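> For reference, the sequence and a predicted model appear below.
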Amino acid sequence: MGGMGSLYIGVSGLQTSQNALNTTAHNLANIGTDGYVRQQVVQSDTLYNTIKYGAVSLQQVGIGSTVAQVRQVRDIFLDQSYRLESGRSNYYDVTYNTYYEIESILGTLGGSEFSDSLDKLSDVFNSLSTDPSDTSVQTLLKQRASEFIEDAQNVYSLLKEYQNSLNDQVADTIDDINELANTINELNQKIELVEAGGVENANDLRDSRNSALDELAGLINISYSENSNGVVTVSAEGVPLVTTTSVNEMGYTIDDTTGFITPTWPDYKDKNVYNMNVEISTEKNTNVGKLKALLVQRGSDTADYSDIPVAEDYQDSSGNWTTGSWTIDGTTYTDGKSAYSAAKNYYDNNTSLSGMMNTLAEFDQLIHSVVTKINDILCPNTTMTVATGETWTDENGNTLTAGETYTCLDVDNCGQSADGTIGTELFSRGATDRYTKYTYTDTSGEVHTSYIYNEEDTTDINSMYTTENLKVNSTITDNVEKLPLYTSNGAVDYEKGLALYSAWTDKSVALNPNSTAKSSFQDYYSKLVDEVGNMGYLYKGYSDSQASTVSGLDDDRQMVIGVSSDEELSNMLRYQNAYNACSRYINVVSEMLETIITSLGRS
């Protein structure tokens with residue numbers, strides 16, 4: 001190689017060393033920068049000049065070095081593992097936080113626990129059992145009953161508010177997913193533009209894109225791949241989210257009744273993002289992402305006592321399965337056993353999985369059990385079958401159907417108030433009376449009266465003894481002496497007073513179909529709080545375990561992508577030495593050329 005060509009070898013070394021020093025300085029400047037990935041200079045030979053073609057090999061002369069690539073140092077397998085486990089960690093964080101909030105709501109109500117309200121109501125019934133005719137105790141009962149309903153409605157309202165806040169978070173998370181998807185798409189276009197010439201890598205843009213992928217993976221289960229142009233395509237829950245040229249944004253539908261949001265894919269005929277019927281498991285990766293956890297814990301509806309199947313509702317008084325008509329999850333059943341089995345299966349796979357729905361249902365079941373138990377003691381029911389030829393009518397002209405059996409007030413065994421009024425319940429439904437009065441006049445002109453019980457209809461909240469629909473009977477709030485605490489002959493009904501107090505010690509209600517041991521009202525509430533606490537403890541363990549896994553994977557990633565100041569300073573010294581060596585090489589060649597030129601000039 002000629003002398004001037006030798007100078008180029010040195011210059012190429014200077015340029016290569018300078019580029020390496022710039023990259024090292026860039027690494028050092030970004031120590032501690034979130035999302036930054038260490039960059040590494042890959043040096044290589046430049047093209048060779050071929051002097052002669054030999055029989056065995058080519059005779060070539062190198063013309064220096066060059067920077068082949070400034071690459072990011074990443075491990076794609078660690079990235080994939082980190083992102084998957086990060087999404088799973090977010091799932092359990094949301095689940096744990098939900099149970100933590102529920103426990104806080106159940107445990108504290110204006111500085112006291114809801115159990116205090118139960119105890120106060122129990123205590124007043126204890127006092128009433130001593131002397132049911134004591135008007136001061138009756139007045140206290142009215143007060144405690146009002147406080148009980150108010151406290152119950154406050155708890156139920158707080159639970160619903162938190163459920164609605166989860167729904168708001170669903171909307172926010174969908175917006176975040178779309179924003180990140182658009183960010184990735186924009187970065188794809190910029191990266192493709194920068195790298196199109198094959199001259200340089202858009203490493204800083206790639207850092208931003210990888211940070212967006214990290215964040216997106218925490219919100220929803222994703223898979224992704226990069227094509228030869230440097231464009232990353234992303235699928236979310238198996239559906240393309242970011243394509244090579246565009247974004248299929250996630251949308252949602254809103255339930256007209258609850259206002260609850262369901263994520264959908266508008267570009268795929270509003271297909272639901274999640275199939276909520278698939279079992280939640282690590283093996284199926286159905287426990288990944290903040291969005292999935294929010295949907296599961298929020299649930300599909302605002303639950304009440306009717307969402308907990310009770311075997312007795314499908315059986316007769318002897319415990320035998322009855323026949324009838326029940327619609328469970330869109331399917332109609334006529335056999336009680338099959339209907340209960342379907343209802344329990346629906347509960348296990350839907351209601352019980354949602355922290356909010358299950359707690360709302362179990363809490364409402366407690367309130368429903370308290371009020372119906374007390375009301376049934378004050379106003380016991382029986383049945384009557386309308387005989388052929390009898391025409392029973394109410395004040396609006398409605399008639400009963402001959403041959404049908406109806407539930408009605410047990411006039412023979414019910415109590416009455418001091419003035420002889422019967423059928424006055426303590427707790428009433430908002431817009432539905434307990435009974436409708438029907439009369440029938442026989443052939444002799446005698447008028448018969450029956451008080452037909454207005455059955456609860458789970459499709460009409462106004463007919464249900466559910467927390468939101470309850471109040472203390474206005475007849476009793478106006479006059480406590482309307483309480484039916486006397487026998488039909490006007491004597492004080494001490495047996496009824498004892499029965500009302502015994503209702504609080506009777507083990508009459510089970511927490512759910514999977515916890516069939518029956519409890520008293522106070523014990524039921526304790527079990528409910530314990531269940532929430534145990535679930536919170538369980539998911540706290542899952543959350544901590546996942547956090548540890550994610551932390552370990554992140555540590556492994558940082559060992560690969562992180563910037564070490566010691567290592568970079570060592571590289572800097574090495575590149576500086578290389579730079580100095582190239583400089584000295586150029587000086588030597590320069591002096592040599594000067595000597596040659598000077599010598600030739602003299603000759």
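Structure received. Numbers count the residues shown, from 1 in each chain.
> all contacts plus neighbour counts: C-alpha atoms, from now on.
OK.
> how about low-confidence regions in the stretch 101-250 of the chain?
108-112, 199 (pLDDT under 70).
> where exactly do the helices run in the chain?
3-29, 76-107, 114-130, 135-195, 203-219, 290-298, 336-349, 355-378, 474-478, 494-502, 521-561, 565-602 (DSSP state H).
> out of the ones you listed, deepest packed?
helix 290-298 (a mean of 25; mean count of other C-alpha atoms under 10 Å).
> Tell me the pLDDT of residue 20.
Residue 20 carries a pLDDT value of 67.
> wait, doesn't residue 353 sit right on residue 297?
Yes. Under the criterion of C-alpha atoms under 8 Å, residue 353 is in contact with residue 297, at a separation of 7.1 Å.
> lowest-confidence helix or strand of this structure?
strand 65-72 (a mean of 59; mean pLDDT, DSSP states H and E).
> sorry, back to before: and the helices of the chain as a markdown table, adding distance to residue 47?
Shown next, in a markdown table, are the helices of the chain (distance: least, C-alpha to C-alpha, whole Å):
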| stretch | distance to residue 47 |
| --- | --- |
| helix 3-29 | 11 |
| helix 76-107 | 32 |
| helix 114-130 | 82 |
| helix 135-195 | 22 |
| helix 203-219 | 26 |
| helix 290-298 | 53 |
| helix 336-349 | 67 |
| helix 355-378 | 67 |
| helix 474-478 | 98 |
| helix 494-502 | 98 |
| helix 521-561 | 31 |
| helix 565-602 | 19 |
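> Among these, which comes closest to residue 309?
helix 336-349 (6.0 Å; C-alpha to C-alpha).
> and the closest one with helix 355-378, angle?
Comparing the axes of helix 336-349 and helix 355-378 via axes from the mean of the first three to the mean of the last three C-alpha atoms, to 10 degrees yields an angle of 140 degrees.
> Now helix 336-349: average pLDDT?
94.
> Same question for stretch 371-380.
96.
> what comes into contact with it?
409-410, 413-415, 422-427, 465, 484-485, 496, 499-500, 503 (C-alpha atoms under 8 Å, 6 or more residues apart in numbering).
> from those residues, which would you call buried?
409-410, 414-415, 422-427, 465, 484-485, 496, 499-500, 503 (16 or more other C-alpha atoms under 10 Å).
> Identify the residues contacting the residue sitting nearest the centre point of the chain.
Central residue check for the chain by C-alpha atoms, centre = their mean: the C-alpha nearest the mean position is that of residue 294, 2.2 Å away. Residue 294 sits next to 94, 95, 166, 167, 169, 170 when contact means C-alpha under 8 Å, 6+ apart.
> From residue 298, how far off is the first one?
For residue 94, the distance to residue 298 equals 11 Å [C-alpha to C-alpha, to the nearest Å].
> is it true that residue 263 touches residue 172?
No. Using C-alpha under 8 Å, residue 263 is not in contact with residue 172; the gap is 11.4 Å.
> model confidence over stretch 46-58, on average?
pLDDT averaged over stretch 46-58 gives 70.
> end to end, how far does that stretch reach?
End to end - C-alpha to C-alpha - stretch 46-58 spans 16 Å.
> same thing with stretch 502-522?
13 Å.
> One more: stretch 407-416?
19 Å.
> Repeat that for stretch 408-417.
19 Å.
> neighbouring contacts of it?
By C-alpha under 8 Å, 6+ apart, stretch 408-417 touches 378-384, 422-423, 435, 450-453, 481-488, 490, 493.
> What subset of those is buried?
Buried, going by 16+ other C-alpha under 10 Å: 378-381, 422-423, 435, 450-453, 481-488, 493, out of the contacts of stretch 408-417.
> taking the residues you listed one by one, which sit in strands?
381, 435, 450, 451, 452, 453 (DSSP state E).
> Roughly how far does the nearest residue to residue 231 once chain neighbours are set aside sit from residue 232?
Among residues not flanking residue 231 along the chain, residue 188 sits closest, at 5.1 Å (C-alpha to C-alpha, 6 or more residues apart in numbering). Separation of residue 188 from residue 232 (C-alpha to C-alpha): 7 Å.
> Now do the shared contacts for the two.
With C-alpha under 8 Å, 6+ apart as the test, residue 188 and residue 232 both reach residue 244.
> Just confirm residue 355 contacts residue 297, I think it does.
Yes. If you go by C-alpha under 8 Å, residue 355 and residue 297 touch, sitting 5.1 Å apart.
> Now list whatever residues contact both of the two.
95, 98.
> contacting residues around the closest residue to residue 184 other than its chain neighbours?
Distances taken as C-alpha to C-alpha, 6+ apart put residue 209 closest to residue 184, at 5.7 Å, once the chain neighbours are dropped. If a contact means C-alpha under 8 Å, 6+ apart, then residue 209 has 183, 184, 187, 188 as its contacts.
> Likewise for residue 572?
Here residue 572 is in contact with 21, 24, 25 (C-alpha under 8 Å, 6+ apart).
> Would you check how far apart residue 262 and residue 287 are?
17 Å.
> out of these two, which sits in the more crowded spot?
residue 287 (23 against 18; other C-alpha atoms under 10 Å).
> got a list of what the more buried one touches?
Contacts of residue 287 (C-alpha under 8 Å, 6+ apart): 88, 91, 280, 281, 293.
> How far does stretch 425-434 stretch from one end to the other?
End-to-end distance (C-alpha to C-alpha), stretch 425-434: 7 Å.
> hmm, who's touching it?
371, 374-375, 378-379, 423, 453-454, 462-465, 469-473, 476, 483.
> mean confidence for that stretch?
Mean predicted lDDT for stretch 425-434 stands at 94.
> Report the buried residues of that stretch.
So, applying 16+ other C-alpha under 10 Å, buried residues of stretch 425-434: 425, 426, 427, 428, 429, 430, 432, 434.
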